[in-house]
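fold the following for me, if possible:
(chains A and B)
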Protein chains: 2
Amino acid sequence: VNGDFSLENLPFGIFSRDGERRSVGVAFGDDVVDMPKAARARTFDGIFPNPVAIFESPTLNAFLETGHGAWRATRERLQSVLRDKARAKDFLVPRALARMHMPVEIGDYVDFYSSIEHATNVGKLFRPGGDPILPNYRHIPIGYHGRTSTVSIADKVRRPSGQTKAPDATAPAFGPSRQLDFELELGFIVGLSNDEGRPIAPDDAADYLFGIVLLSDWSARDVQAWEGQPLGPFLSKSFATTISPWVVTLDALAPYRVANRPPDVEPLEYLRVDAPWAFDIELSVSLQSRTMQQARTEPKEIVRVNFRNMYWNAAQQLAHLTSNGSIVRPGDLLGSGTISGTEEGSYGSLLEATSRGARPLALTNGETRTFLEDGDTVVMRGAAARPGLPRIGFGELRASIAPFA
Amino acid sequence: VNGDFSLENLPFGIFSRDGERRSVGVAFGDDVVDMPKAARARTFDGIFPNPVAIFESPTLNAFLETGHGAWRATRERLQSVLRDKARAKDFLVPRALARMHMPVEIGDYVDFYSSIEHATNVGKLFRPGGDPILPNYRHIPIGYHGRTSTVSIADKVRRPSGQTKAPDATAPAFGPSRQLDFELELGFIVGLSNDEGRPIAPDDAADYLFGIVLLSDWSARDVQAWEGQPLGPFLSKSFATTISPWVVTLDALAPYRVANRPPDVEPLEYLRVDAPWAFDIELSVSLQSRTMQQARTEPKEIVRVNFRNMYWNAAQQLAHLTSNGSIVRPGDLLGSGTISGTEEGSYGSLLEATSRGARPLALTNGETRTFLEDGDTVVMRGAAARPGLPRIGFGELRASIAPFA
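Numbering: from 1, shown residues only, chains lettered A, B, ... in the order given. The predicted structure is shown next:
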């Protein structure tokens, strides 16, 4: 992740130093800009009232409410200050000394299902025989509400217990999940609230979406298979969702916007968008077992996929979500859904990569995996990079699997 | 609702008077106890530190965090004070002068599906041909996460727009729902948080659940039918959930706890509960069209049903919800699911009462209804009452349908 946090990136997060209170920080190289300190030096005067109070907040929510013009102006002001190393050094804290916290307080978390390749793979596994893509898929950005109390930046994910039933069992059983999985996603952070009853048009989405984080939608596949009908996934997902701590702004990613994937079927008017809402972001997942860690064997990359091929984009998701009059609020989280490709090595979950455990994955030291084992560490990374353009990286999302205690 | 708010009830809510700030109030007859005022008169000294600050809060959340012992002691202290009318009158505000607000800030809202009669009726309508009750139903308190940003005490519900597809249509269409429905439910308010990774046993649920409100899970049936697979209801429900403003405590309802419904199949150990968690609460829904309102025709009662027959109870729901290690937080809302019986007139939704519109319901003035029309007012009421016991009422949930604007 070297060079993820260039001057052209400047992602926002919440940090604290030993014994001090949480406040807003911006990642810059190996440092964090102490935003309250920068604000007290009048760096942000004239952008919005009371920048010190806003950057002393323990979440980004107050800053998000200032709106897109202020987000952009703050980033530009920072860029000009940080170009002058001498002037900047008063505000910089070594990143190694910064403890990171949840960047936002989430009101609602919606997880979408927007990779048609992922939906196809899952449909084949969970509903063998039928058409893997249901008739509504190409008309509706399918999604569901997830649990907000368990969204965190934790570096540990506890294996959940849950109810499962093997196909040949006469009755269900309760115990630790034996099919614990990750899902590689990106999470869009909502910056601004709409008014109740006022849907957000896809073309206005840029005013409402602030930035992007890496997201893992941890999933217990055995629980999911048994509980999922008729109302969808519940406890198989609600035990943990983790995100990366630095929110990369859409402004920073502007050079990496690429043409939208042409839809198979023209969507209804309220979902049409001309502006490019696909992003050329390269993502990876690596896995390191406890044995590999002990032997200091590097994590093995098991997934590599680009975000640009999603069937539905975030502007459409936001438009759909608010099309019934619903309110979104600053800090709301929209998960993209698992990001998968069509080829071996591009599947964003072990469910897909191992065909639900039927084809184990080989690690580098002779071990194999169907699903995650206790002590495994999962590392997700992402970056937009192209020759001649600055690298805009996401840092990493890293979590180890702990036993159910 | 006369006599709903007896001395033995004393439900908690959030109110304000003209131009004043929100604070905690307790309903007593036709009055509201101004709790900060009562606290300043040292009524609650010794129960928990800083009662004035806690009752000056704009939500009940701070009070909920004080725990079951404090909830009970507060109610008992109030009962002794209110018996002395002369002493009490300083704290009383006429209910007519009190404006009500959302009683809690909700972290997560889960809607269950715990009436097997409702599940049977819906299963027959949405999946004709198959067994209406899926194999998991008698093992799992089925539920899903709902949207918290649209939970309110509003007296107006806006008809949502949404995507629908008639069975014979070649493509979906977008527009105002033509199958807008209510769902009669009770909502349990969580009082206390568990620790992450520490499930709540059903026998401990009384320490974590504070009270109950009336709840309507407004539903767009045409949207639900088209969007619902494979991840469950989403925009068909997320546009509005309304609750009644007064939270009736479980302590007040203690005399109305009745034996649990015997399960058809013995549940797994983690869902077993001996204590009575069924409640003898009689519920009703009445409907008044705009024409009836103009003619001053009383709302017609179209649903009457008792809560005691639910297949799954709130202690089991809470145990299930936390069984994977998930955290609940003060203010969390658990919807019971639509409360339905087996007979005509006991169905908690129009979907069931009209067989998805096939058998219109007659109102008192010659009008009929399949689903809700603009200008209709829905009134939900509930009370526990039995000869020789004090009446514990819920007041009412009242909402009128507004057109999509």
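
contacts, neighbours, all on C-alpha from now
Fine.

now the strands for the stretch 301-405 of chain A?
For the stretch 301-405 of chain A, the strands defined by DSSP state E, counting those that start in this stretch cover A:333-335, A:361-362, A:368-369, A:377-386, A:389-402.

phi first, then psi, for the residue of chain A most remote from its centre.
In chain A, residue A:170 marks the outermost C-alpha relative to the chain mean, sitting 38.6 Å out by Cα atoms, centre = their mean. The phi and psi values for residue A:170, taken as degrees, to the nearest 10, are phi -80, psi -30.

how close does it get to chain B?
11 Å (Cα to the nearest Cα, to the nearest Å).

do residue A:136 as well
Look at residue A:136 and chain B: by Cα to the nearest Cα, they are 7 Å apart.

which residues touch that residue?
Taking Cα atoms under 8 Å, 6 or more residues apart in numbering or on different chains, we find residue A:136 in contact with B:226-227.

that one: what secondary structure?
Three-state assignment for residue A:136 (DSSP: H, G, I helix; E, B strand; the rest coil): coil.

pLDDT wise, what is it at?
Among the per-residue scores, residue A:136 shows a pLDDT of 96.

okay, the strands of the stretch 301-405 of chain A in JSON lines with distance to chain B next?
Shown next, in JSON lines, are the strands of the stretch 301-405 of chain A (distance: least, Cα to the nearest Cα, whole Å):
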{"stretch": "strand A:333-335", "distance to chain B": "12"}
{"stretch": "strand A:361-362", "distance to chain B": "27"}
{"stretch": "strand A:368-369", "distance to chain B": "23"}
{"stretch": "strand A:377-386", "distance to chain B": "19"}
{"stretch": "strand A:389-402", "distance to chain B": "11"}
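
which one of those lies closest to residue B:329?
Taking Cα to Cα, strand A:333-335 is the member of these nearest to residue B:329, at 18.9 Å.

for that closest one, the distance to its chain's centre please.
7 Å (Cα atoms, centre = their mean, to the nearest Å).

can you put the strands of the stretch 301-405 of chain A in a markdown table and add mean pLDDT and mean neighbour count?
As requested, the strands of the stretch 301-405 of chain A are exported to a markdown table (pLDDT from 0 to 100; neighbours: other Cα atoms under 10 Å in any protein chain shown):
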| stretch | mean pLDDT | mean neighbour count |
| --- | --- | --- |
| strand A:333-335 | 98 | 28 |
| strand A:361-362 | 96 | 15 |
| strand A:368-369 | 97 | 15 |
| strand A:377-386 | 98 | 22 |
| strand A:389-402 | 97 | 22 |
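
make JSON lines out of those strands and add distance to residue A:126.
Shown next, in JSON lines, are the strands of the stretch 301-405 of chain A (distance: least, Cα to Cα, whole Å):
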{"stretch": "strand A:333-335", "distance to residue A:126": "21"}
{"stretch": "strand A:361-362", "distance to residue A:126": "20"}
{"stretch": "strand A:368-369", "distance to residue A:126": "20"}
{"stretch": "strand A:377-386", "distance to residue A:126": "24"}
{"stretch": "strand A:389-402", "distance to residue A:126": "25"}
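
which one of those lies closest to residue B:76?
strand A:333-335 (42.3 Å).

what is the closest one packed up against?
Using 3 or more Cα pairs under 8 Å, 6 or more residues apart in numbering or on different chains; DSSP states H and E, the elements in contact with strand A:333-335 are strand A:109-112, strand A:184-190.

before we move on, the earlier item: between the strands of the stretch 301-405 of chain A, which gets nearest to residue A:63?
Each of the strands of the stretch 301-405 of chain A has some distance to residue A:63 by Cα to Cα; the shortest is strand A:333-335, at 15.8 Å.

residue A:336 against residue A:184, yeah?
No: the pair residue A:336 / residue A:184 is not scored as a contact, 9.2 Å apart, by Cα atoms under 8 Å.

can you tell me which residues in the stretch 151-300 of chain A are near chain B?
Within the stretch 151-300 of chain A, the positions near chain B by Cα under 8 Å from any Cα of the partner chain are A:158, A:160-163, A:172-174, A:197, A:226-235, A:238-240, A:268.

check the helices and strands packed on strand A:333-335 for me and report the most buried one.
With neighbours defined as mean count of other Cα atoms under 10 Å in any protein chain shown, the helices and strands packed on strand A:333-335 peak in mean count at strand A:184-190, which reaches a mean of 27.

angle of that one against strand A:377-386?
Interaxial angle of strand A:184-190 relative to strand A:377-386 (axes from the mean of the first three to the mean of the last three Cα atoms, to 10 degrees): 70 degrees.

phi, psi for residue A:76 please.
Per-residue torsions, residue A:76: phi -70, psi -40 (degrees, to the nearest 10).

over to residue A:290?
Backbone geometry at residue A:290, expressed as degrees, to the nearest 10, gives phi -60, psi -40.

what number of residues are in the vicinity of it?
The local packing of residue A:290 (other Cα atoms under 10 Å in any protein chain shown) involves 17 other residues.

I figured it hits residue A:372, correct?
No: between residue A:290 and residue A:372 there is no contact under Cα under 8 Å: 11.2 Å.

just to check, residue A:313 is in contact with residue A:276?
No: using Cα under 8 Å, residue A:313 is not in contact with residue A:276; the gap is 9.3 Å.

identify the contacts common to these two.
Residues within reach of residue A:313 and of residue A:276 at once, by Cα under 8 Å, 6+ apart, are residue A:260.

so what's the residue count around residue A:139?
Residues lying near residue A:139 (other Cα under 10 Å) number 20.

for it, grab phi and psi.
phi -110, psi -30.

once you drop chain neighbours, what's closest to it?
Closest residue to residue A:139 apart from its sequence neighbours, by Cα to Cα, 6 or more residues apart in numbering or on different chains: residue A:267 at 5.7 Å.

now do the SS call for that neighbour.
Following three-state DSSP, the label given to residue A:267 is coil.

point out where the stretch 1-150 of chain A drops to low pLDDT.
For the stretch 1-150 of chain A, applying pLDDT under 70 flags the ranges A:1-2.

so which bits of it are right by chain B?
Selection of the stretch 1-150 of chain A residues close to chain B by Cα under 8 Å from any Cα yields A:107-108, A:134, A:136, A:139-140, A:142-150.

go again with 7 Å.
By the rule Cα under 7 Å from any Cα of the partner chain, the part of the stretch 1-150 of chain A lying against chain B is A:107-108, A:136, A:143-150.

do you have the helices of the stretch 51-200 of chain A handy? List them.
For the stretch 51-200 of chain A, the helices defined by DSSP state H, counting those that start in this stretch cover A:51-55, A:61-64, A:68-83, A:85-88, A:116-126.

relative to residue B:307, which of the ones you listed is closest?
helix A:116-126 (35.7 Å).

show me which residues of the closest one are buried.
Buried residues in helix A:116-126, defined by neighbour count with 16 or more other Cα atoms under 10 Å in any protein chain shown: A:116-124.

so how far does stretch A:370-383 reach from one end to the other?
27 Å (Cα to Cα, to the nearest Å).

what comes into contact with that stretch?
For stretch A:370-383, contacts defined as Cα atoms under 7 Å, 6 or more residues apart in numbering or on different chains pick out A:179-181, A:281-290, A:350, A:354, A:357, A:360-361, A:391-403.
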